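Q: Below is the structure, and that's it, no one-letter string:
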């Protein structure tokens, strides 16, 4: 018998001064039985960082051909593909071929560093790939905000990111591991 997903309801207020994006989102997150609160909250953070009216959660861990989040244009072309964790290098290369932009948000401390060391030589060549890393203490602090019914605020200003509930504020420190290649003429 398959284990059922746990449903989390989230009221997310986003104030992204860098992108001039101010919006409230009522989100339903299905946390797969094998997913941790930490991973789910990193997915939620990725949503806040890329929030757009067309950004949606994929089918998650149960779908190999869908990202954690994606934004498709009106013709069905994939504008943005977002994965969380340490996806397989072949999956990332396939995503880079299908989407205009691909973002990977790694977390987990040393295991994320080892993942990058093992995959960097191949992934460095991807021209449309961005890899960001959350330090373990940041992703663990986000996990502590997880509740079945959440009211969260995310504020982004001058590259600084804060996620807060009514009691706790987490300052999010992202490290850029890889940026998209720039073309020189």
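A: Perfect, I can see it now. Everything quoted here is computed from the prediction, not taken from an experiment. Numbers count the residues shown, from 1 in each chain.

Q: Would you map the helices across this protein?
A: Applying DSSP state H to the chain gives helices spanning 37-50, 89-98, 110-123, 136-143.

Q: So which residues make contact with the second one?
A: Residues outside helix 89-98 that contact it (C-beta atoms under 8 Å, 6 or more residues apart in numbering) are 64, 67, 78, 81, 83, 102, 104, 119, 122-123, 126-129. Yep, even glycine has a C-beta here, placed from its N, CA and C like the rest.

Q: run the last query once more with 7 Å
A: Helix 89-98 is contacted from outside by 67, 78, 81, 102, 104, 119, 122-123, 126, 128-129, using C-beta atoms under 7 Å, 6 or more residues apart in numbering.

Q: what do you get for stretch 50-66?
A: So stretch 50-66 is contacted by 14, 16, 21, 23, 25, 29-30, 32, 34-35, 47, 67-72, 80, 82 (C-beta under 7 Å, 6+ apart).

Q: How about stretch 146-153?
A: With C-beta under 7 Å, 6+ apart, stretch 146-153 has contacts from 8-13, 37, 40-41, 145, 163-166.

Q: Buried ones among these?
A: Buried by 16 or more other C-beta atoms under 10 Å: 8, 10, 12, 37, 40-41, 145, 163-164, out of these.

Q: Tell me the one of those residues nearest residue 171?
A: Nearest to residue 171 among these is residue 163, at 8.5 Å by C-beta to C-beta.

Q: what's the distance between that closest one and residue 80?
A: Distance, residue 163 to residue 80, using C-beta to C-beta, to the nearest Å: 20 Å.

Q: cool, and residue 72?
A: Residue 72 sits at a distance of 9 Å from residue 80 (criterion: C-beta to C-beta).

Q: Equivalent analysis for residue 50, please.
A: Residue 50 is 6 Å from residue 80, by C-beta to C-beta.

Q: From residue 106, how far out is the most centrally placed residue in the chain?
A: Closest to where the C-alpha atoms of the chain average out (C-alpha atoms, centre = their mean) is residue 46, at 3.0 Å. Distance, residue 46 to residue 106, using C-beta to C-beta: 11 Å.
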